[in-house]
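Q: just coords:
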């Protein structure tokens, strides 16, 4: 099959685009902004151009590219996407464009470096989703830490150094053990091809070790309780754009890693320890929900809400094992499907919420809830968006937040009504902390004269928020295209998980 | 002795002759031609490199009845040593000029050390190993004391000398026992007779001392005491030298003595455990003690100890893949440390050494390019993909897992996490902090330093993406 190397373009166009952005230099920030936007739009265009050629009925990897990279180690520069990866790559390219527009005025110092870091980050994230070679995956997985570290550390808030170091060290801690796992699998199989590993027979002992190596690496990234503590720090200190990318895309990389490695390579160990992950997910959903309730910092609140929502994703992924045990394939598929939809939805909703907080922060330079109030009066347009995203975050039917959560709860119900009851708690708690946030920030009377002087959103901010809102609504009202995109890959994954490797 | 022997050792012969000429030139040329020393030395290096390549075409061969080995491994290590010394000359030249240090002596001593390295990595006999090692270390002692008015440099040189002399003594003692057990000094002969030797345990005892000597050369814990002081006390130009080419010599020496089928390879089970202990100790000290350093050169010294730990993991595996991984690691380490010290040298000026981590504060705002190069070096040292250092770590970890040394690989992984912290701290200081008001950072205006340093650091990225040929070369160097 000959075609354009679309996936390579998606990875390398933004990275190559970072070079002229850097060359634009500190003295021409406007040029740097436009060049960065151009590169991001070009990437998005390439991504959209792939859609007509994508086969929605196939679970196989598409747009495949493969070249020997390190022949001695049988490492290939191998790329390919199925529906799951495609959906996440779309999320990445769209988010990148929005983030670059969003940072137009918010970032004023060393604009060229910020924009270049964002572009490089975008390329690496796409690389993670597109890699079908495990070592290539690992290289992208780790490499993206560098630009994110710089984004948090250079443009972040007062405690940015602490947050950036914590972010880097935590993630590195998880992934280095995964590297040992990857080396083990390579020595066992003689290849770094991820598809081949799915068919590799492994004993229970080896599977257990590997499963926990993978779980540690990806649990940090998702993040799951109890290794979630880096996230609130990173989110609070990161600049708006950093928070958006972190919440919208980087957290998904953890769940994606579980889907690609922990589930299919070590299905029996995953089956055996599914209870553990399910329990941790429920703790994330309920306990972290309560933690979110008491936050005084808006960004921290949304960060905790992200952990709770990602808890839904891991719940959906691992409830599957209980359903497979009960031979309920349809519900298993529903659970996985729900986890995926939840991931995409959370990408847009949390990205939108962080953007909204960024809009407020740009005006008042505080993230504390008590400093705001009565925004509906002074910023009516902004209030519309804010309330809408808050509703999406609580999972209001008609928004994307509802679809994923509903699917996961349905699947949990099939496994055990008690599980479903616990999971459904999120609807109450989530509504609690989100609506209370809205009540204190948007409604009421303005907290100070400074709030009264806040100007409403300008056209640029409206554009970004409207784009987020459009996607949130689209998935909420018409999830079919997304579900269709995911369906074959999810179906195949359920099949794979059903077969024991022992 | 035949013609063939001479052709095989031609690079060394040429280098020896040239050094003598350079010595005379420096003595009689006078101050006007001081700069000429630099260019003449570079010319000598280039010709030597060409001769090494030419000698490779004759090999693999041995000369002087097996005293001297001219094989792919020797060629590989020699070429990278020459490259490292050339980098040292380019990076050091403005520093020496500013400090008014004796450039003539610096160049001749470094070339003598290079000669020692070349003999060491080609040694086929215990005597040759000792000869090459002494040539290298004696030149290094003198180099460290180059700034003779500086008390710190003198102290460092004394420490280095005393500990180095002791290590040489240990090595000789061990060699004498091995000679006693096998009755031969030739490494090939030792490898052949050891398994049948009636004095097997004597040889095992000798290995302990030989390993101590090797560990000292590497700067592996617990024989690392000299390293931080030498790194910190020497003029940065000399630190750069000590941190680069001699590591290649050390890995060459270790491979000749321990691995490659001959030498002490029959005693593999014994030295594997000892090396593992050395590796773990080095990883622990390298990663933990570096955290509390405020002096950049000293921090890099501890980081070196840690890196030698990784290199020893590769040797521990005892496989040809492990040996190739160590050679790869040594090359990676040399290129990373020349880049890191190169940045320090590019920032140093009269009265300002730029050797405190704090000195780099806000470098990104003063000189983004240099900050970028240093960040590349730091991320590479930390082993973050896609940079060169990552592949080096990957290979040694793979070698360890392959040899059923999973626990050692896990120790290596833990050390990588701990050491990441202090590399990140350097990046943090450069990027996250604002520049100090009272001190201005000025990047060097020396064009050749700027260009070559840029190439050096960018090579860390380029070799991170296209590491295949080098890896291939390392494997061919081991398997012949």
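A: Sure, I can see it. What you see is a predicted model; the values in this text were computed from it and never measured. Numbering: from 1, shown residues only, chains lettered A, B, ... in the order given.

Q: element containing the nearest residue to residue B:119 once chain neighbours are set aside?
A: Of all residues beyond its chain neighbours, the one nearest residue B:119 is residue B:132 (3.5 Å), with distances taken as C-beta to C-beta, 6 or more residues apart in numbering or on different chains. (Glycine included, C-beta is placed from N, CA and C.) Of the helices and strands defined by DSSP states H and E, residue B:132 is found in helix B:126-144.

Q: and the helix or strand just after that helix, which residues are buried?
A: Using DSSP H and E, the next helix or strand after helix B:126-144 towards the C-terminus is helix B:151-182. Neighbour-count burial for helix B:151-182 flags B:153, B:156-157, B:159-161, B:163-164, B:167-168, B:170-175, B:177-179, B:181-182 (criterion: 16 or more other C-beta atoms under 10 Å in any protein chain shown).

Q: what's helix B:151-182 packed up against?
A: Applying 3 or more C-beta pairs under 8 Å, 6 or more residues apart in numbering or on different chains; DSSP states H and E, we find helix B:151-182 packed against helix B:126-144, helix B:187-193, helix B:200-218, helix B:226-233.

Q: Please identify which helix or strand holds residue A:502.
A: Using DSSP H and E, no helix or strand contains residue A:502.

Q: any idea of the pLDDT on it?
A: Here, the pLDDT recorded for residue A:502 equals 78.

Q: Could you tell me how many residues sit around it?
A: Using other C-beta atoms under 10 Å in any protein chain shown, the number of residues around residue A:502 comes to 10.

Q: Next, the contact list for the residue nearest to it when sequence neighbours are not counted, please.
A: Closest residue in space to residue A:502, ignoring its immediate chain neighbours: residue A:268 at 5.5 Å, by C-beta to C-beta, 6+ apart. Residues near residue A:268 by C-beta atoms under 8 Å, 6 or more residues apart in numbering or on different chains: A:204, A:207, A:500-502.

Q: from the residues you listed, which would you call buried?
A: For these, buried by 16+ other C-beta under 10 Å: A:207, A:501.

Q: Please go through chain A and pick out the longest strand.
A: Taking DSSP state E as the criterion, chain A has its longest strand at strand A:62-70.

Q: Point out the other elements, helices or strands, that whichever helix or strand comes after it touches.
A: Per DSSP H and E, the first helix or strand lying C-terminal to strand A:62-70 is strand A:75-81. Using 3+ C-beta pairs under 8 Å, 6+ apart, the elements in contact with strand A:75-81 are helix A:6-24, strand A:62-70, helix A:111-130, helix A:134-143.

Q: Can you say which of these is packed in most?
A: helix A:111-130 (a mean of 27; mean count of other C-beta atoms under 10 Å in any protein chain shown).

Q: helices or strands up against that one?
A: So helix A:111-130, by 3+ C-beta pairs under 8 Å, 6+ apart, packs with helix A:6-24, helix A:29-50, strand A:75-81, helix A:83-106, helix A:134-143, helix A:145-155, helix A:240-245, helix A:251-257.

Q: angle of that helix against helix A:145-155?
A: 150 degrees (axes from the mean of the first three to the mean of the last three C-alpha atoms, to 10 degrees).

Q: so residue B:214 sits right up against residue B:251, yeah?
A: No. The criterion here is C-beta atoms under 8 Å, and residue B:214 misses it with residue B:251 at 9.6 Å.

Q: Tell me which residue of the stretch 351-500 of chain A lies closest to chain B.
A: Closest residue of the stretch 351-500 of chain A to chain B, C-beta to the nearest C-beta: residue A:365 (18.9 Å).

Q: And the stretch 201-350 of chain A, by the same measure?
A: Of the residues in the stretch 201-350 of chain A, the one nearest chain B is residue A:209, at a distance of 9.3 Å by C-beta to the nearest C-beta.

Q: Can you tell me the closest non-neighbouring residue to that residue?
A: Per C-beta to C-beta, 6+ apart, closest to residue A:209 is residue A:181, 7.4 Å.

Q: Spit out the contact partners of that neighbour.
A: By C-beta under 8 Å, 6+ apart, residue A:181 lies in contact with A:209-210, A:213-214.

Q: Output these in CSV; the columns should cover pLDDT.
A: Shown next, in CSV, are those (pLDDT from 0 to 100):
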residue, pLDDT
A:209, 93
A:210, 94
A:213, 93
A:214, 94
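
Q: For chain A, what lies in contact range of chain B?
A: When proximity is defined as C-beta under 8 Å from any C-beta of the partner chain, chain A approaches chain B at A:26, A:69-73, A:110, A:113, A:135, A:138-139, A:142-143, A:145-146, A:149-150, A:153-154, A:160-161, A:164-165, A:168-169, A:172-173, A:176-177, A:179-180, A:183-184, A:186-187.

Q: And the residues you listed, which of them are buried?
A: A:69-70, A:72-73, A:110, A:113, A:135, A:138-139, A:142-143, A:145-146, A:149-150, A:153-154, A:160-161, A:164-165, A:168-169, A:172-173, A:176-177, A:179-180, A:183-184, A:186.

Q: Let me see the confidence value for the nearest residue to residue A:448 once chain neighbours are set aside.
A: Nearest residue to residue A:448, sequence neighbours excluded (C-beta to C-beta, 6+ apart): residue A:371, at 7.2 Å. Among the per-residue scores, residue A:371 holds a pLDDT of 88.

Q: does residue 262 sit in a helix, a strand or a coil?
A: Since you didn't name a chain, this refers to chain A. Per DSSP: H, G, I helix; E, B strand; the rest coil, the local secondary structure of residue A:262 is helix.

Q: you looked at the wrong chain, it should be chain B
A: coil.

Q: hang on, the earlier thing: buried subset of the contacts of residue A:181 as a PyMOL selection?
A: A single PyMOL command selects the buried members of these (16+ other C-beta under 10 Å):
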select buried, chain A and resi 209+210+213+214
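
Q: Just the ones in strands from the contacts of residue A:181, please.
A: Going by DSSP E, the strands hold none of the contacts of residue A:181.
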